[in-house]
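# Below is the sequence, then the predicted model.
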Amino acid sequence: MNISGIPIAKTGSSIEVDAQTQLFAVLAGNSRSSGIYPLYNAGFKTAGYNGIYIPIDVDEDIKNTLDSLISLGFRGAGIGVPFKVAIMPYVNELVGDASRIGAINYVVFDKGRVVGGNTDGLGALKALKEKTTVSGKKVILVGAGGMAKAIMLAVSDEGGRLFITNRTPEKASDLAKRVNAQTFLPEELPREIQDAQVVINATTLGMKGIQEKMSAIPKDLLKPGLIVQDVVSVPRETQLIIDAKEKGCIVVPARRTSLWQAVLKFQPFTGIKPDGTIIAAMEKAFN
Ligand SMILES: NC(=O)c1ccc[n+]([C@@H]2O[C@H](COP(=O)([O-])OP(=O)(O)OC[C@H]3O[C@@H](n4cnc5c(N)ncnc54)[C@H](OP(=O)(O)O)[C@@H]3O)[C@@H](O)[C@H]2O)c1
């Protein structure tokens, strides 16, 4: 297991650790890329909860890391890319949406049992609902990977009218069957976007690296008042969000999803329902 430096809190703050401190980690290929781990520590502190959350880069079989955390007495862990599906065989119980999604983004260790859940879809929905209601709206979802599936289920449960498109159309069709959503081909986007109220990018387009300057929605298709959500969190402002702001759209950047998916893990981790003060502390630590 690789623990390489533990930048757990913002400069100037401190966390006291004693024998009763509950241990949490985020397990990911690059555990610091999202910058989200200090947010849990801020939440723990504000809630008066004796816990600490650290980033751990996993460069081995996820099972070995999971076993190590259990034997070290950890209480839980966030699960990041690329382990959200790979970890599933080692989970004893799935809660909430996790079994429908087929992937998890956190585990809690409960008396020797590994309990897994997934807050990605509901986190994205909560971020979207900061800007609009969803029921009855035409929602275009671009992508058919893990995040798209999680969002599809959450938006469908909320009563959104889903229209899914994906580079590989068969994957969009497979997803859509699960919730009775409609699908269309990427080249049909100019027609489908005309009467849409919401467009969500759940592809990797726009991510830092080779796809950074790319956008799932051509700028000339964006128009004032359209609600545009992106789930790509690095860089902070993706090409899609830059374009959408310039065209007068209402934007929902990925950091809102990142915040809410974390807030939704707070109660399973700690047993404490986060109130407004705790959420505000988490939000402040993330900005
Ligand atoms: N903010 C948050 O809290 C949060 C949480 C979870 C995930 N995310 C982000 O969500 C994004 C998607 O993650 P994921 O786990 O769903 O990934 P994934 O399962 O690998 O799916 C990737 C999707 O992107 C599409 N895609 C990739 N390259 C493309 C290209 N050049 N042109 C068109 N489509 C392309 C894929 O299409 P094909 O099917 O054709 O390959 C697929 O639909 C990532 O950026 C991830 O970081 C954010």
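On my side now, so go ahead.
# residues in contact with the residue in the chain that the ligand sits nearest to?
At 1.9 Å from the ligand, residue 145 is the closest residue in the chain, using Cβ to the nearest ligand atom. C-beta here means a position set from N, CA and C on the backbone, and glycine is covered the same way. Counting by Cβ atoms under 8 Å, 6 or more residues apart in numbering, residue 145 makes contact with 171, 202-204.
# Look up the pLDDT of residue 205 for me, please.
For residue 205, the pLDDT comes out at 98.
# swap that for residue 10, please
pLDDT, residue 10: 52.
# what does the stretch 51-200 of the chain put close to the ligand?
120, 123, 143-148, 166-168, 171 (Cβ under 6 Å from any ligand atom).
# can you rerun that using 8 Å?
81, 84, 103, 105, 120, 123-124, 142-150, 166-168, 171, 186 (Cβ under 8 Å from any ligand atom).
# Just the buried subset of the residues you listed, please.
Among those, those classed as buried by neighbour count (16 or more other Cβ atoms under 10 Å) are 84, 103, 105, 120, 123-124, 142-144, 146-150, 166, 171.
# between these, which is closest to residue 59?
Residue 59 has its nearest neighbour among these in residue 84, at 16.7 Å by Cβ to Cβ.
# before we move on, which element is that closest one in?
Here residue 84, judged by DSSP states H and E, is contained in no helix and no strand.
# quick one: it and residue 150 touch, right?
No: using Cβ atoms under 8 Å as the test, residue 84 is too far from residue 150 to be in contact (9.5 Å).
# intersection of neighbour lists for these two?
Common contacts of residue 84 and residue 150 (Cβ under 8 Å, 6+ apart): 103, 118.
# From the buried ones among the residues of the stretch 51-200 of the chain next to the ligand, which land in strands?
With DSSP state E as the criterion, strands contain residue 142 from among these.
# what's the farthest-apart pair in the buried ones among the residues of the stretch 51-200 of the chain next to the ligand?
123 and 171 (22.1 Å).
# Give me the buried stretch members for the host helix or strand of residue 128, please.
Take DSSP H and E as the rule and residue 128 turns out to sit in helix 120-129. Residues of helix 120-129 classed as buried: 120-128 (neighbour count, 16+ other Cβ under 10 Å).
# So which residues of the stretch 101-250 of the chain form helices?
In the stretch 101-250 of the chain, the segments counted as helices under DSSP state H, counting those that start in this stretch are 120-129, 146-157, 169-179, 189-192, 239-246.
# nearest residue to residue 272 other than its sequence neighbours?
With sequence-adjacent residues excluded and distances taken as Cβ to Cβ, 6 or more residues apart in numbering, residue 272 is closest to residue 47, at 5.2 Å.
# Would you agree that neighbour is in contact with residue 270?
Yes: between residue 47 and residue 270 a contact is recorded at 6.7 Å, counting by Cβ under 8 Å.
# Residue 264 and residue 90, how far apart?
22 Å (Cβ to Cβ, to the nearest Å).
# neighbour count winner among the two?
More crowded of residue 264 and residue 90, by other Cβ atoms under 10 Å: residue 264, with 21 against 15.
# Just the element for the more buried one, please.
helix 254-270.
# Quick one: name whatever helix or strand follows that helix.
Sequence order places helix 276-286 as the next helix or strand after helix 254-270, per DSSP H and E.
# And the ligand, is that following helix touching that?
No: using Cβ under 8 Å from any ligand atom, we find that helix 276-286 stays clear of the ligand, coming within 11.2 Å at best.
# Not counting that helix itself, show me its contacts.
With Cβ under 8 Å, 6+ apart as the criterion, helix 276-286 contacts 9-10, 35-36, 38-43, 45-47, 255, 258-259, 262-263, 266, 272, 274.
# tell me the domain ranges of the chain?
22-118+257-286, 122-252 (automatic domain parsing).
# Using CSV, lay out those together with distance to residue 16.
Converted to CSV, these look like this (distance: least, Cβ to Cβ, whole Å):
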stretch, distance to residue 16
domain 22-118+257-286, 8
domain 122-252, 29
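# Ends of stretch 247-260, what's the gap?
Distance across stretch 247-260, first residue to last, is 26 Å (Cα to Cα, to the nearest Å).
# what's the answer for stretch 74-84, then?
19 Å.
# Quick check: pLDDT value at the most centrally placed residue in the chain.
Centroid-nearest residue in the chain: residue 120, 3.9 Å away (criterion: Cα atoms, centre = their mean). At residue 120, the pLDDT value in this model is 97.
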